[in-house]
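Colleague: here are the coordinates; sequence isn't available:
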C-alpha cells in the first residue's frame, strides 16, 4: 500500500496552495512553517500541545486538521476542522479552508452529501480566491456540484458510477456489467487493482462537459480513483490508467508508455499499427514522421489522433518481443533509460524494426 504521507498530500498540496501569507502572527506560525515542509506529523504533535496549553486558536485547529487529512486520518481530522470553522464566525480564509478540508474528509469517509455541503460553504463564503477555486474544482471533479443534481448514482463491486441525466433510454446495468468484465481482465493482467472503487462520471457528450466546465474528455486522476469520460469512449482506456497506477505504483510515468498501455488495453482489439499508418499516410507524413526515442522524450511532438494508436502499437510490440513480465518490470519506471536497462541491446533493433514497419 502507498504511504499516505507522500501520496494523498502530494495531490492536495498541488491543488491547495500556500495560505501562510494571509495570516497574522500568532501561535500557529511555526505550525505553518512545518506544514509547508510537509512535516505533518510534527504539526499534529506540536499543535496538540498548543491546544492543551490554552493557546487554542482557529488557525491551530486548522493546521492540525489539515495535517491529519494529509496523513489520511480523516476521522481524527473532523473535530479539529469543525472547531476551526466554529471559531471563525467572520468566515475568513480559516473558515473557507476548514470547509474545503471538511469536504475532503466527508468525501473520503464516503458521505457525498455532507462533502458537497462543506465544499459549497467553502465556495460561497468567497473568503479567498484559492479556497474558492479549489472548492469549485472538487465539486466539479467529484460530481458533487449543483450541475449534477439530476445524475444517476449506480454502485457495483469495483465502480461508483455517475450517469448524466441526459442519457435517455440507456441500459446502465448492461453498461456496468461490461465495465466489470473489463476490470476483471485488466486487473488480472496487472496483478491487482485499486483498494477503492473507481469513481466514473459518464457524460452524454463533450458539449455537455463543456457546459459543465469540465474540459476535454476523457481523463483520469488515478491518485484519487477518478475518471471522467463520454459514454461513447472505449471501455478500458481510462480504467487502465487507474488500475495500472495502483497495481504497480509507477514512480516515473511517460506519455508514450502510459497512454500506449491504455490503448493496448482499451478492449477494442483494433490493429493500432494499421490505424497509425493510415493516419500518417492520409495526412502530412513529414509533419508526423517522428522517431520513437524523440517521442519517448517529448510526447507532444505528434498530434494525439496519431500518437495514441502509435503508442498502442509500440507497447504491443514491446510486450510481444520482450514478454509480459519484462514489460511489467519496466512499467514501474517508464523512462527511455530504464527501458534500455530492462531490454538491453535488443531495444534499439526493435525500435528500428518498428519504425520501418510504421513508415514503410
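Modeller: Nice, I can see it. What you see is a predicted model; the values in this text were computed from it and never measured.
Colleague: what about the protein, any weak spots by pLDDT?
Modeller: Within the chain, the segments meeting pLDDT under 70 span 1-25, 283-288.
Colleague: mind running it again at 90?
Modeller: 1-30, 53-56, 168-170, 215, 273, 275-291, 301-306, 357-360 (pLDDT under 90).
Colleague: just the strands in this protein please.
Modeller: For the chain, the strands defined by DSSP state E cover 152-155, 159-163, 198-203, 219-221, 226-230.
Colleague: most tightly surrounded among these?
Modeller: Burial of the strands of the chain is given as mean neighbour count (mean count of other CB atoms under 10 Å); strand 198-203 ranks first at a mean of 25. The way it works is simple: take the backbone N, C-alpha and C, and place the C-beta from them, glycine included.
Colleague: distance to residue 356 added to the strands of the chain, as CSV?
Modeller: Below are the strands of the chain laid out as CSV (distance: least, CB to CB, whole Å):
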stretch, distance to residue 356
strand 152-155, 48
strand 159-163, 42
strand 198-203, 39
strand 219-221, 33
strand 226-230, 35
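Colleague: can you check which of those gets nearest to residue 302?
Modeller: The closest of these to residue 302 is strand 219-221. By CB to CB, the value is 19.2 Å.
Colleague: contacts for that closest one next, please.
Modeller: Strand 219-221 has contacts (CB atoms under 8 Å, 6 or more residues apart in numbering) with 141, 226-229, 238-239, 241-242.
Colleague: and the two most separated of those?
Modeller: 141 and 239 (17.2 Å).
Colleague: who has more neighbours, the two?
Modeller: residue 239 (27 against 18; other CB atoms under 10 Å).
Colleague: and the residue nearest in space to the middle of the chain, what are its bridge partners?
Modeller: In the chain, the residue lying closest to the centroid (CA atoms, centre = their mean) is residue 221, at 1.4 Å. Note on residue 221: beta-bridge partners residue 226, judged by DSSP bridges.
Colleague: tell me how far it lies from residue 194.
Modeller: 12 Å (CB to CB, to the nearest Å).
Colleague: my guess is residue 43 contacts residue 62, does it?
Modeller: No. Counting by CB atoms under 8 Å, residue 43 stays clear of residue 62, with 10.4 Å between them.
Colleague: that older thread, the residue nearest to the centre of the chain and residue 241, how far apart?
Modeller: From residue 221 over to residue 241 the distance is 9 Å, taken as CB to CB.
Colleague: joint contacts of these two?
Modeller: The contact sets of residue 221 and residue 241 overlap at residue 227 (CB under 8 Å, 6+ apart).
Colleague: got TSV for the contacts of strand 219-221, with distance to residue 181 too?
Modeller: TSV is the format used below for those (distance: CB to CB, whole Å):
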residue	distance to residue 181
141	27
226	21
227	17
228	21
229	17
238	16
239	11
241	18
242	16
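Colleague: of all those, which comes closest to residue 156?
Modeller: When the contacts of strand 219-221 are compared for distance to residue 156 (CB to CB), residue 239 wins out at 12.5 Å.
Colleague: that closest one reaches residue 185, doesn't it?
Modeller: No. Taking contacts as CB under 8 Å, residue 239 lies outside contact range of residue 185: 10.1 Å.
Colleague: now stretch 107-121: buried residues?
Modeller: 107-108, 112, 115-121 (16 or more other CB atoms under 10 Å).
Colleague: domain parsing for this protein?
Modeller: The record's domain parsing of the chain by automatic domain parsing lists 8-147, 152-248, 255-359.
Colleague: just give the nearest non-adjacent residue to residue 329, would you?
Modeller: Counting by CB to CB, 6 or more residues apart in numbering, residue 329 lies nearest to residue 342, which is 5.8 Å off, once chain neighbours are set aside.
Colleague: over to residue 340?
Modeller: Among residues not flanking residue 340 along the chain, residue 347 sits closest, at 5.7 Å (CB to CB, 6+ apart).
Colleague: for the one you found, give its distance to residue 166.
Modeller: Counting by CB to CB, the separation of residue 347 from residue 166 is 47 Å.
Colleague: compare those two (neighbour count), which wins?
Modeller: residue 347 (20 against 14).
Colleague: and the closest residue in space to residue 253 that isn't next to it in sequence, what does it touch?
Modeller: Nearest residue to residue 253, sequence neighbours excluded (CB to CB, 6+ apart): residue 334, at 5.6 Å. By CB under 8 Å, 6+ apart, residue 334 lies in contact with 250, 252-254, 256-258.
Colleague: nearest to residue 304, of the residues you listed?
Modeller: residue 256 (12.1 Å).
Colleague: quick check: that closest one touching residue 294?
Modeller: No. In this structure residue 256 lies outside contact range of residue 294 using CB under 8 Å: 10.0 Å.
Colleague: of those two, who's got more company?
Modeller: residue 256 (22 against 11).
Colleague: for that one, what are its contacts?
Modeller: Taking CB under 8 Å, 6+ apart, one finds 292, 295-296, 299, 307, 311, 314, 334 in contact with residue 256.
Colleague: run the last query once more with 6 Å
Modeller: Applying CB atoms under 6 Å, 6 or more residues apart in numbering to residue 256 gives the contacts 295-296, 299, 311.
Colleague: repeat for residue 61
Modeller: Residues near residue 61 by CB under 6 Å, 6+ apart: 80, 83-84.
Colleague: from residue 282, how far off is it?
Modeller: Going from residue 61 to residue 282 by CB to CB gives 61 Å.
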